[in-house]
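S.K.: okay, here's the prediction I keep looking at, along with the sequence it came from:
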Amino acid sequence: MHEEVIFAGFGGQGVLFAGQLLAYTALAEDKHVTWIPSYGPEMRGGTANCTVVVSDEPVGSPVTKYPSIVVAFNNPSLEKYEDEVKPDGLLVVNESLVIHQVQRDDLDLVLVPATALATELGETRMTNMILFGAMLAHRPMVALDTAEHVLLDKLGERKAHLHELNLMALRKGMELGLAQKTEA
């Protein structure tokens, strides 16, 4: 197994945290992993993305030109990365914030109204966990239960009040991703 993942959106959406969660979960399962963040000088609203490579073998390069998976949190990210996903790759799109229609038909496409669902849960910051869950439903490179344990560990006691909400969001994303997988 070798997956090259790009999480992309804008600051404040939890893009980097989603990438870190994947990286730490992969490490917890004794996989080889790299995580590289990239973001603008703005704390919120500027571009933010990260590349995570997860593999059963040592990782030769932490950089990818053509990722196997892209998780697009917003429209600019979809426009930037849609053409770069490898054929037969996975494109997970937050359709709540995307107006651009995906043009490719040679990949696995998952459309999730993540921001709308997170708002329904009462916290828009859960968008990242919904998209993360949808991604795992289609590419189970790490186990959901491991991701849940790592998530709670990384949130820590300081954010204990968000534990259950994050788990609900992650599971909702997985549920929506699985539903789209069975429809295909």
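M.R.: Looks like it arrived, so ask away.

S.K.: any idea which element the residue nearest the centre of the chain lies in?
M.R.: Nearest residue to the geometric centre of the chain (CA atoms, centre = their mean): residue 132, 4.0 Å. Element membership for residue 132, per DSSP states H and E: helix 127-138.

S.K.: can you spell out which helices and strands pack onto that helix?
M.R.: helix 15-28, strand 69-72, strand 90-94, strand 108-112, helix 114-121, helix 144-155, helix 163-183 (3 or more CB pairs under 8 Å, 6 or more residues apart in numbering; DSSP states H and E). For glycine as for every other residue, the C-beta is placed from the backbone atoms N, C-alpha and C.

S.K.: let me know which of the ones you listed is the nearest to residue 52.
M.R.: Nearest of those to residue 52, taken as CB to CB: helix 15-28 at 4.9 Å.

S.K.: any buried residues in the helix or strand just after the closest one, and which?
M.R.: Counting by DSSP H and E, the next helix or strand C-terminal to helix 15-28 is strand 32-39. Going by neighbour count (16 or more other CB atoms under 10 Å), the buried part of strand 32-39 is 33, 34, 35.

S.K.: beyond strand 32-39, next helix or strand please.
M.R.: strand 47-55.

S.K.: list the buried residues for that next one?
M.R.: Across strand 47-55, burial judged by 16+ other CB under 10 Å covers 47, 48, 49, 50, 51, 52, 53, 54, 55.

S.K.: wait, the residue nearest to the centre of the chain touches residue 22, no?
M.R.: Yes. Residue 132 is within contact range of residue 22, at 7.3 Å (criterion: CB atoms under 8 Å).

S.K.: count of residues packed around the nearest residue to the residue nearest to the centre of the chain once chain neighbours are set aside?
M.R.: Nearest residue to residue 132, sequence neighbours excluded (CB to CB, 6 or more residues apart in numbering): residue 18, at 5.0 Å. Look at residue 18: counted by other CB atoms under 10 Å, it has 24 neighbours.

S.K.: how far away is residue 18 from residue 8?
M.R.: 10 Å (CB to CB, to the nearest Å).

S.K.: any shared contact partners between these two?
M.R.: Counting by CB atoms under 8 Å, 6 or more residues apart in numbering, the contacts common to residue 18 and residue 8 are residue 71.

S.K.: before we move on, back to that, of the buried residues of strand 47-55, closest to residue 149?
M.R.: So of those, ranked by how close each gets to residue 149 (CB to CB), first place is residue 54, at 16.9 Å.

S.K.: in contact with that closest one: list those residues for me.
M.R.: Contacts for residue 54 (CB under 8 Å, 6+ apart) come out as 1, 2, 3, 5, 22, 23, 26, 31, 32, 33, 141, 142.

S.K.: tell me the phi and psi of the third one?
M.R.: Okay, so that is residue 3. phi -120, psi 130 (degrees, to the nearest 10).
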